[in-house]
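Asker: Here is the input, now give the coordinates:
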Amino acid sequence: MAILHTVNQALPSSMRYGHFRYYWLALLAGVTGHQMLLQFTMGWLMFEMTGEAKYLALLGIAISIPALFLNLWGGALADRLEPKFLVAGAQSLSATAVVLLAVMVMAGRVEVWHVLATAVIIGALQAFDQPSRSSIFPRLVEREHIVNAVAMESLVWNGVRVLAPALAGMVIAQWNIHTSMFISAATFYVMAAVISVLRLRPRPPATGQVIHQIGESLRYVRRHPVFLYIMLLTFCNSMFGMSYILLMPVIAKDVLDVGAEKVGWLLGASGVGAICGTWIISALRPGQPKGLIILGGAALYGVAQIFFSVAAWQGLYGVSMALLFVVGIANSLYLVGGLSTLQELVPDQLRGRVMGLYGVTWSLGPLGMTQAGTIAQYFGAPVAVAAGAAVLVVVALLIFVLNPDLRELRMGTEERLQPAYAGSRSND
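Answerer: Residues are numbered from 1 along each chain as shown. Here you go, the predicted model:
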């Protein structure tokens, strides 16, 4: 028992809560499968079937549009109902859809419309899954440990987001596409089973008409420019900053002339960088300039991608890998910093709806395939990556100039600010 106590004390503060540990392990499994599927496997399948980058754009539209229109409704339901059951249901249905698609691939009967239909189903279910998950983990720990919980959750997303596509590439190279799909589906089922049995801290459910509840969340975010600008950065990341991942099948085959396994190592370098960036932001001490780190990380993320696109265009595989390591660090700095600020300041009663609005910006990620795929079709994948990265740099600089609240935000000030953010609901 003494050894277990010592080990428990050595863990990050949020991981000392047993049910948060269960949640974290389930999230690790589910996000791995999710990123294997959406960030690599389905895109690889589509490009292998068609050989044209424009079909990656269609795939992105199929995933994004349902999530884009349903995210706010999903957030409202997360505040009205018990969110863990919404997550379990969405994960189970997504897994079943993926299994059916994998069977079609294995039988050699898959067609483009099968892939697109599966993407639509997954995108719609994500709209109910994402805000519900975002409202679960803050209820598994005490408020003083929420920032650490955000860092631990972000460690999964920012590390696995790139490591999982690398794993998918290796699985496809070693076995086949449908094996990668079956693995993804299995992780969805595991996540559904674990999430459904978690014990959450009680919170009063939202009441009233759903439309009014959605409007309340929009008014709340509008009153707090810090939230608006953090969501703007996330929007730019999703719409423009993810092009290097979304176009990796094209970069691999048409630019670097490498196979799935070497693409896996490229994305793996970015994943290691993302883990390092998460550690850096979680290790910040009170008083350190969190806002400047968020904005600086966003600008560095764009600049590093521009250099990566040049290196890839020149066929410099090793340099490309090193630059993607920097890309991963910078991505974590501003995404983890921004998300931890949101989760620390938003009150429990509004968390599902605000995170549903935040999720809308993430839902645009696959839609980024549209603009990136279109540019790549006519000008090449390196140009598409560089163009999207340039947008992110410009937006980060504009926010630095226009918003002193975010620019001057310092680590440790969230606890002092939180009562004002919670109390502002009374103005509705």
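Asker: okay, which residue is most central for this structure?
Answerer: With distances taken as CA atoms, centre = their mean, residue 157 lies nearest the centre of the chain, 5.8 Å away.
Asker: who touches it in this structure?
Answerer: For residue 157, the contacting residues are residue 31, by CB atoms under 8 Å, 6 or more residues apart in numbering. Placement of C-beta: from N, CA and C, glycine included.
Asker: host element of it?
Answerer: In this assignment (DSSP states H and E), residue 157 forms part of helix 146-174.
Asker: to the chain's geometric centre, what's the distance from that helix?
Answerer: 10 Å (CA atoms, centre = their mean, to the nearest Å).
Asker: same question, stretch 168-186
Answerer: The answer for stretch 168-186 is 21 Å, by CA atoms, centre = their mean.
Asker: likewise stretch 299-314?
Answerer: Averaging C-alpha positions (CA atoms, centre = their mean) puts stretch 299-314 21 Å from its chain's average.
Asker: Tell me which residues of it come out buried.
Answerer: The neighbour-count check on stretch 299-314 (16 or more other CB atoms under 10 Å) flags 299-313 as buried.
Asker: again with stretch 258-270
Answerer: Neighbour-count burial for stretch 258-270 [16+ other CB under 10 Å]: 258, 260, 263, 264, 266, 267, 268, 269, 270.
Asker: Now, the residues you listed that are in helices?
Answerer: If you go by DSSP state H, those have 260, 263, 264, 266, 267, 268, 269, 270 in helices.
Asker: who touches the third one in this structure?
Answerer: Read it as residue 264. 165, 166, 167, 168, 169, 170, 173.
Asker: The last one against residue 259, yeah?
Answerer: Yes: using CB atoms under 8 Å, residue 173 makes contact with residue 259 at a distance of 6.2 Å.
Asker: just to revisit the earlier point, heading C-terminal from the helix holding residue 157, find the next helix or strand.
Answerer: According to DSSP H and E, the helix or strand after helix 146-174 is helix 177-195.
Asker: The helix or strand just after that next one: which residues count as buried?
Answerer: Next helix or strand after helix 177-195 toward the C-terminus (DSSP H and E): helix 210-222. For helix 210-222, the buried set under the neighbour-count rule, 16+ other CB under 10 Å, comprises 213, 214, 216, 217, 220, 221.
Asker: Also stretch 113-133?
Answerer: By neighbour count on 16+ other CB under 10 Å, the buried set for stretch 113-133 is 114-116, 118-133.
Asker: quick one: residue 389 and residue 236, what's the gap?
Answerer: 10 Å (CB to CB, to the nearest Å).
Asker: Do you know the pLDDT at residue 422?
Answerer: In this model, residue 422 is scored at 59, pLDDT.
Asker: again with residue 14
Answerer: Listed pLDDT for residue 14 reads 82.
Asker: Of the buried residues of stretch 299-314, which belong to helices?
Answerer: 299-313.
Asker: and residue 208, what are its phi and psi?
Answerer: phi 100, psi -180 (degrees, to the nearest 10).
Asker: measure it to residue 350 for me?
Answerer: 13 Å.
Asker: Looking at those two, which one has more neighbours?
Answerer: residue 350 (23 against 10; other CB atoms under 10 Å).
Asker: what secondary structure does that one sit in?
Answerer: At residue 350, secondary structure determined by DSSP: H, G, I helix; E, B strand; the rest coil is helix.
Asker: Look up how far residue 217 lies from it.
Answerer: For residue 350 relative to residue 217 (CB to CB), the value is 6 Å.
Asker: try residue 298
Answerer: 24 Å.
Asker: so what's residue 165 up against?
Answerer: With the criterion set at CB under 8 Å, 6+ apart, residue 165 makes contact with 35, 36, 39, 40, 245, 248, 263, 264, 267.
Asker: For it, give its distance to residue 267.
Answerer: As for residue 165, its distance to residue 267 is 5 Å (criterion: CB to CB).
Asker: Identify the contacts common to the two.
Answerer: Shared contacts of residue 165 and residue 267, defined by CB under 8 Å, 6+ apart, comprise 40, 245, 248.
Asker: Among those residues, which one lies nearest to residue 404?
Answerer: residue 245 (32.8 Å; CB to CB).
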